[in-house]
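A.B. asks: Structure for this input, please:
(one chain, ligands or ions: 2)
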Amino acid sequence: MTVVNPCVSCGACCAYFRVSFYWAESELGGGTVPDELTSQVNPYLSCMKGTESRNGCRCVSLSGDIGQAVACTMYEKRPSPCREFEYSGYLGIHNPDCDKARAHHGLAPLPVIHIAPAA
Ligand code: SF4
Ligand code: SF4
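C.D. replies: Ligands and ions are numbered 1, 2, ... in the order given. Below you'll find the model as predicted:
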């Protein structure tokens, strides 16, 4: 059975939260995130450009239309918060922050199917 990742037709979290991370995840600090795609938050934290504030929040690396078809244009180089954020229902685990981001963009929460532990 092929499971389609719901994120490819969503993208809401990339245009709702400030996507911040330890500054050294950027190329300047030896990490992967291209420096020109980041903004400085404070001496320790950077964030993805475009997510500095809630107003008009949208990561510069998000392409496509939210709720239709989207892609991260730097997927292999994305920072840790993007790697750690799972869609609600992944492995049967509810992620209320996924619901929150989707609701902000007028999208219904994803169903969560609880997986019964093996007997
Ligand atoms: S809000 Fe949830 S479903 Fe949408 S892209 Fe983010 S993790 Fe995926
Ligand atoms: S870097 Fe990619 S996954 Fe992370 S917020 Fe931006 S578009 Fe989304």
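
A.B. asks: How about the residues of the chain by ligand 2?
C.D. replies: Proximity of the chain to ligand 2 (Cβ under 6 Å from any ligand atom) is limited to residues Cys14, Val19, Met48, Cys59, Ser61, Leu62, Cys72, Met74, Arg78, Cys82. (Glycine included, C-beta is placed from N, CA and C.)

A.B. asks: what's around the fifth one, how many residues?
C.D. replies: The criterion is other Cβ atoms under 10 Å. On that basis, Ser61 has 22 neighbouring residues.

A.B. asks: Number the chain from 361, please
C.D. replies: Taking 361 as the first residue, the last one we looked at is Ser421.

A.B. asks: pLDDT value on it, please?
C.D. replies: Looking at Ser421, its pLDDT reads 98.

A.B. asks: what's it in contact with, if anything?
C.D. replies: By Cβ atoms under 8 Å, 6 or more residues apart in numbering, the contact set of Ser421 is Cys374, Leu397, Met408, Cys432, Thr433, Met434, Arg438.

A.B. asks: Return the distance of the fourth one relative to Pro471.
C.D. replies: Just to be clear, that refers to Cys432. 24 Å (Cβ to Cβ, to the nearest Å).
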